[in-house]
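> have a look at this prediction, sequence included:
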Amino acid sequence: MTDSGRPRPVFDPCLPAGDRALLAAAPELLVAASLPAPPRPHVGAATIAARAVWIPLFALFYGVLPGGWFRVFFLASLDDDDLMGGVTRWGRLPLLAMLLTPAVQVVLLLLGQDEAAAALAAASFAAWAAGAVRHLREPAAARAARELHGRYLLPADFDRPASRLLGRAQRAVDAVLGSQSYRAGLLDAVDNAVLLPREEWAIAGALAEHTRLRREHRAQQPGRLSAEVRALLEPQRRALALSVRSVTGRVEALEDYARRVRDADDAYHEWQVLQRVPEQNARHRDLLAGTVRDDLARAEIRRLADDAQRAEEAFRGGVGHALRAAGDLAVPEPADSGRPAPTRNPR
């Protein structure tokens, strides 16, 4: 869930991790699945002609002439806090080449190595021209947003009822994956890391389809239809309502799983507290023994010793059993319809 309460974008878990990272890093480039896919970039004749002039001039300025020095020392904006910021965006190696190439050329010419100086200039020109062409290509994130359109879902793909259900599912998933039990390895990390994103994607896909169907039903303007036509459309309405109840059941199953994980967190926290009780009791006992020397102190020391023994027995008994039970929590299994069937933890 986002901070605004809207559901976050959902990505097909079958996408390679690199593609998901590209899409997640550039949300402004993503287009809702309910809208047409982004068009392929079109380059007109005027753009091609402009690039045919601009790229050689760019390569000549930075690759052959001492343009890099001019850019650093004369053309940088004095309003910028970092005068080098506009140059270092190319990286250290291009910046170094931009600054050193003219000096090396001058040295070669002074040494009479005209051919070597010309070869260096040609190589530098070609490298900067290739870099400019590469920079003009469609950004990887934009290409991924276009080619993978439909394999990610955005808040715009969901109406208000669907957004509420998806938000509940995402909060449940976040609660499980952010729990102490999960981080401590008490839950099956593989099952949760694989099955929960699949379940989130399946729920999101069903909710996006619900949204599309509800929008189509509203566009039909039922109030303007005759009773006979509305009767023909009634099975569609019932089918949609049944599907909504089915997906709601899947969301409730996730929420129930998240509640049981929270119970496991409580048991784990209690185990951690009890594990520290004997040592803490010993410190309190030593404090009393060293500072208060009367009958009351001796009674308190005996009571703390008894409490320490009881804590040790509890630590070795009931809490360990609670943690073993927490380790058997079931992960909701993605299903085509209805409530997801649980899978047992293999451990």
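Structure's in. What do you need?

> sketch out the low-pLDDT regions of the stretch 1-150 of the chain for me.
1-5, 67-92 (pLDDT under 70).

> let's see it at 80
Scanning the stretch 1-150 of the chain for pLDDT under 80 picks out the ranges 1-5, 41-48, 51, 54, 58, 60-100, 102-103, 131-137.

> all strands for it, in order.
Along the stretch 1-150 of the chain, counting by DSSP state E, counting those that start in this stretch, strands occupy 10-11.

> all strands of the stretch 201-347 of the chain, in order?
Applying DSSP E, counting those that start in this stretch to the stretch 201-347 of the chain gives strands spanning 331-332, 342-343.

> ok, of those strands, where does mean pLDDT dip lowest?
Here the lowest mean pLDDT among those goes to strand 342-343, at a mean of 40.

> list the contacts for Gly63?
Ala97, Met98, Thr101, Ala121, Ser124, Phe125, Ala126, Ala127, Trp128, Ala129 (Cβ atoms under 8 Å, 6 or more residues apart in numbering). For glycine as for every other residue, the C-beta is placed from the backbone atoms N, C-alpha and C.

> okay, it and Arg215: tell me how far apart.
Between Gly63 and Arg215 the computed distance is 55 Å (Cβ to Cβ, to the nearest Å).

> same question for Leu57.
For Leu57 relative to Arg215 (Cβ to Cβ), the value is 51 Å.

> how about Ala184?
According to Cβ to Cβ, Ala184 stands 45 Å off from Arg215.

> same question for Leu99.
58 Å.

> do Gln275 as well
Distance, Gln275 to Arg215, by Cβ to Cβ: 55 Å.

> please apply the same query to Ala175.
Relative to Arg215, Ala175 is positioned 31 Å away (Cβ to Cβ).

> ok, these two, which is more surrounded?
Ala175 (18 against 11; other Cβ atoms under 10 Å).

> give me every residue that touches the more buried one.
Ala258, Val261, Arg262.

> please apply the same query to Leu165.
Contact analysis of Leu165 by Cβ under 8 Å, 6+ apart lists Ile203, Leu207, Val247, Thr248, Val251.

> if we use 7 Å, what do you get?
Leu207, Val247, Thr248, Val251 (Cβ atoms under 7 Å, 6 or more residues apart in numbering).

> helix or strand for it, which one?
Per DSSP states H and E: Leu165 is located in helix 160-177.

> what helices and strands are in contact with the very next helix or strand once past that helix?
Per DSSP H and E, helix 160-177 leads on to helix 180-183 as the next helix or strand towards the C-terminus. Secondary-structure packing of helix 180-183 (3 or more Cβ pairs under 7 Å, 6 or more residues apart in numbering; DSSP states H and E): helix 227-291.

> and with 10 Å instead?
Counting contacts by 3 or more Cβ pairs under 10 Å, 6 or more residues apart in numbering; DSSP states H and E, helix 180-183 is packed against helix 160-177, helix 189-219, helix 227-291.

> ok, and what's touching it?
When contacts are defined by Cβ atoms under 10 Å, 6 or more residues apart in numbering, helix 180-183 is touched by residues 175-177, 186-189, 192-193, 260-269, 272, 323, 326-327, 329.

> domains for this protein, by residue range?
Following automatic domain parsing, one gets these domains for the chain: 45-137, 158-343.

> and those domains, which is most packed in?
domain 158-343 (a mean of 16; mean count of other Cβ atoms under 10 Å).

> what separates the closest residue to Leu120 other than its chain neighbours from Asp114, distance-wise?
Setting aside the residues directly before and after it, Leu120 is nearest to Gln105 in space (Cβ to Cβ, 6 or more residues apart in numbering), at 5.8 Å. Gln105 sits 10 Å away from Asp114, going by Cβ to Cβ.

> give the contact list for the spatially most central residue of the chain.
Central residue of the chain (Cα atoms, centre = their mean): Ala24, 6.0 Å from the mean position. Going by Cβ under 10 Å, 6+ apart, Ala24 touches Arg8, Pro9, Phe11, Leu30, Ala141, Tyr152.

> the last one: neighbour count?
In this case it means Tyr152. Residues contacting Tyr152 under the criterion other Cβ under 10 Å number 25.
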